[in-house]
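Participant: Return a 3D structure for these sequence lines:
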Amino acid sequence: GDAWPVGRTVAWVLGCLTLLISTSSGIGRYSTAVFSVHMTGHMMLSMLAPVLLALGGALTLALRVLPAAGKDGVPGMREWLLIGLHSRISQFLTHPLVASLIFVGGFYVLYLGGIFGAVLDSHGAHLLMNLHFVLSGYLFYWTVIGVDPSPRKIAPVTKLAVVFGSLPFHAFFGVALMSMNTVMGAWFYRTLGLDWNSDLLGDQKLGGGIAWATGEVPLVLVMLALLIQWSRSDDRDARRGDRAAERDHDADLAAHNAMFAELARRDRTGEQ
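Facilitator: Numbers count the residues shown, from 1 in each chain. Sure thing, here's the model as predicted:
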C-alpha cells in the first residue's frame, strides 16, 4: 500500500536495459574482438547503467517491503541489509575520495597499467572487468546522487565538488588512449584475423575518443540530478521548519522578537 515514485521504476528498468544491451547484444558480442566496441560497452556499464540504477532506489524499496524480524525473531534479509549498510566497510567505501579513486583510478590501472592487454584471451577476466565497471560505477554514483540511504551524510556542495573533481581525470584518460602509439593486446587482436579491423591503432584511438566524448553525457545527468535533489532538500527543510513552528507556536520566532524588544527597551532607558 505504500506509494513508490514512477520515475524510480523507470530509471531502474532503463538501467537494467542498458546492462542487457551492453552485455547481450552486438556490443557484447564484439566487445572482445574490437577495442572501440569494448570501450562503448565499458562506458555503458560504468557511466550510464550505474547512474540509472542508483536513481532507482532499490535498497530503499527493499527496506520498505521486507518484513522486520522483530525483537525476538531471527534476523532476515532486511536486518542483514541494515548491518551491511551501517558497517565500517560501507562507511569506508562511500567516502567520496575512496569511491572516486576506485571509479576513476580503475580506468588507469586496467588499461594504462597493462592488465587489459595481458588478459584479453580470458573470458573469465572479461566478466570480471564487466563486474568491476558496474560495481565501481554504482558505488560512485550511489555516493554522489543515490536516493538510497548512505552510511555517510554528504553535503550537496561536497557531492558537486566530487563530480567536478572527477571530470578532468576522466577526460585525461580518453586523451591518453588517443595519444598512445602502441596497441594494447595487439597479439590477441591479430590472431583473430579480422580483415575489416586491420587498423588496430586507429580503432584504439577511436575507443579513446568514445571514452572522452561519451563520458561527459552521464555526468550531465548527474549534475541535473544533484540540482533537483538539492532543491528538494531545501523544500523538505522548509516544510520541516514549518511543522516545528506549528508544534511550538513559533517559539523560536517569539524568542527572537522578545530579544530585540528587550534590546530596544534597554536603549530607551540607557541600561547596559
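
Participant: Chain neighbours aside, what residue packs nearest to Lys205?
Facilitator: Closest residue to Lys205 apart from its sequence neighbours, by C-beta to C-beta, 6 or more residues apart in numbering: Met178 at 4.9 Å. No exception for glycine: its C-beta is placed from N, CA and C like everyone else's.

Participant: mind checking the SS state of Phe116?
Facilitator: Assigned with DSSP: H, G, I helix; E, B strand; the rest coil, Phe116 falls in the helix class.

Participant: Next: Val163.
Facilitator: When the rule is three-state DSSP, Val163 gets the label helix.

Participant: One more: Trp4?
Facilitator: Trp4 ends up coil, using three-state DSSP.

Participant: So it versus Gly57, what's the distance?
Facilitator: According to C-beta to C-beta, to the nearest Å, Trp4 and Gly57 sit 8 Å apart.

Participant: More neighbours: those two, which one.
Facilitator: More neighbours surround Gly57 than the other of Trp4 and Gly57, with 22 against 12 (other C-beta atoms under 10 Å).

Participant: thinking that one is in contact with Pro149, fair?
Facilitator: No - with contact defined as C-beta atoms under 8 Å, Gly57 and Pro149 do not form a contacting pair (9.6 Å).

Participant: Just the pLDDT for Leu112.
Facilitator: At Leu112, the pLDDT value in this model is 89.

Participant: Same check on Thr182?
Facilitator: pLDDT at Thr182 comes out at 90.

Participant: Helix or strand: which one has it?
Facilitator: Assigned by DSSP states H and E, Thr182 belongs to no helix or strand.

Participant: Any chance of the backbone angles for it?
Facilitator: phi -120, psi 150 (degrees, to the nearest 10).

Participant: picking up where we left off before, against Ala54, how distant is the residue nearest to Lys205?
Facilitator: Met178 is 29 Å from Ala54, by C-beta to C-beta.

Participant: who's more crowded, the two?
Facilitator: Using other C-beta under 10 Å, the more surrounded residue of Met178 and Ala54 is Ala54, with 27 against 16.

Participant: Mind checking what helix or strand follows the strand or helix carrying His170 in sequence?
Facilitator: In this structure, His170 sits in helix 156-179 according to DSSP H and E. Remark: after helix 156-179, the chain's next helix or strand is helix 186-192, criterion DSSP H and E.

Participant: tell me which residues in that next one are buried?
Facilitator: 188-189 (16 or more other C-beta atoms under 10 Å).

Participant: And for that helix, what's in contact with it?
Facilitator: With contact meaning C-beta atoms under 8 Å, 6 or more residues apart in numbering, helix 186-192 is reached by 33, 35, 117, 120-121, 183, 197, 200.

Participant: any idea how far the residue most central in space within the chain is from Pro96?
Facilitator: Nearest residue to the geometric centre of the chain (C-alpha atoms, centre = their mean): Tyr141, 0.9 Å. Going from Tyr141 to Pro96 by C-beta to C-beta gives 12 Å.

Participant: swap in Met223?
Facilitator: For Met223, the distance to Pro96 equals 16 Å [C-beta to C-beta].

Participant: cool, Met43 as well?
Facilitator: Distance from Met43 to Pro96, by C-beta to C-beta: 22 Å.

Participant: Looking at those two, which one has more neighbours?
Facilitator: It is Met43, of Met43 and Pro96, that has more neighbours when counted by other C-beta under 10 Å, with 23 against 19.

Participant: so who does the more buried one touch?
Facilitator: The contact partners of Met43, by C-beta under 8 Å, 6+ apart, come to 210-211, 214-215.

Participant: for Ser22, same thing?
Facilitator: Neighbouring residues of Ser22 by C-beta under 8 Å, 6+ apart: 28, 40-41, 44-45, 49.

Participant: let's go with 10 Å and repeat that
Facilitator: Applying C-beta atoms under 10 Å, 6 or more residues apart in numbering to Ser22 gives the contacts 28, 31, 40-46, 48-49, 130, 133-134.
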